[in-house]
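[1] the following comprises the amino acid sequence and a computationally predicted model.
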Amino acid sequence: MKKMLLAFLLMFASFIYLAVRVTEKGLYLPKFSVEADNPVVLSLFSIRIHTNFQAGGTDSVYTISLLPVYAMVLASLILVALAYKKKNHQSKPQK
């Protein structure tokens, strides 16, 4: 039961992480010290927010890594699998 609770908390934390990072109203770009709008581009390993502050420059792209989310989801799935394995192993009658 503890593994299932921990798995649920990890999944919930990964969604909260994404929601907080993506829904920020303004983004602080330290090199330019300005606030910019939030146009989001989703890729497999990151969320890129193009601020278009500097045309064609990489300094105007704000990147949020999805690797922490993937790690939390993977850990959660492993915990769920371990909880089910333990539950099924205990429910089998012993000879």
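    It's in.
[2] and whatever helix or strand residue 6 lives in, what's buried?
    According to DSSP states H and E, residue 6 maps onto helix 2-22. Neighbour counts using 16 or more other C-beta atoms under 10 Å place 3, 7, 10, 11, 14, 21 of helix 2-22 among the buried residues. Just so you know, the C-beta spots here come from the backbone N, C-alpha and C atoms, and that holds for glycine as well.
[3] pLDDT score for the first one?
    Among the per-residue scores, residue 3 holds a pLDDT of 76.
[4] try the fifth one
    Residue 14 is assigned 83 on the pLDDT scale.
[5] hmm, it is touching residue 72, no?
    Yes - shown here, residue 14 and residue 72 form a contact pair, counting by C-beta atoms under 8 Å, at 4.1 Å.
[6] hang on, the earlier thing: for the helix holding residue 6, name the packing helices and strands.
    In terms of contacts (3 or more C-beta pairs under 8 Å, 6 or more residues apart in numbering; DSSP states H and E), helix 2-22 is packed against strand 46-50, helix 67-91.
[7] just the CA atoms of it, as PDB, please.
    Below are the C-alpha coordinates for helix 2-22, written out as PDB (Å, rounded to 0.1, in the frame of the first residue of the first chain):
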ATOM      1  CA  LYS A   2       2.900   2.400   0.700                       C
ATOM      2  CA  LYS A   3       4.300   1.800  -2.700                       C
ATOM      3  CA  MET A   4       1.000   2.600  -4.400                       C
ATOM      4  CA  LEU A   5       0.700   5.800  -2.300                       C
ATOM      5  CA  LEU A   6       4.200   6.800  -3.200                       C
ATOM      6  CA  ALA A   7       3.500   6.000  -6.900                       C
ATOM      7  CA  PHE A   8       0.400   8.200  -6.800                       C
ATOM      8  CA  LEU A   9       2.300  11.100  -5.100                       C
ATOM      9  CA  LEU A  10       5.100  10.900  -7.800                       C
ATOM     10  CA  MET A  11       2.600  11.000 -10.600                       C
ATOM     11  CA  PHE A  12       0.800  13.900  -9.000                       C
ATOM     12  CA  ALA A  13       4.100  15.700  -8.400                       C
ATOM     13  CA  SER A  14       5.000  15.300 -12.100                       C
ATOM     14  CA  PHE A  15       1.800  16.900 -13.300                       C
ATOM     15  CA  ILE A  16       2.100  19.700 -10.700                       C
ATOM     16  CA  TYR A  17       5.700  20.400 -11.900                       C
ATOM     17  CA  LEU A  18       4.500  20.700 -15.500                       C
ATOM     18  CA  ALA A  19       1.600  22.900 -14.700                       C
ATOM     19  CA  VAL A  20       3.700  25.300 -12.600                       C
ATOM     20  CA  ARG A  21       6.500  25.500 -15.200                       C
ATOM     21  CA  VAL A  22       4.200  26.000 -18.200                       C
END
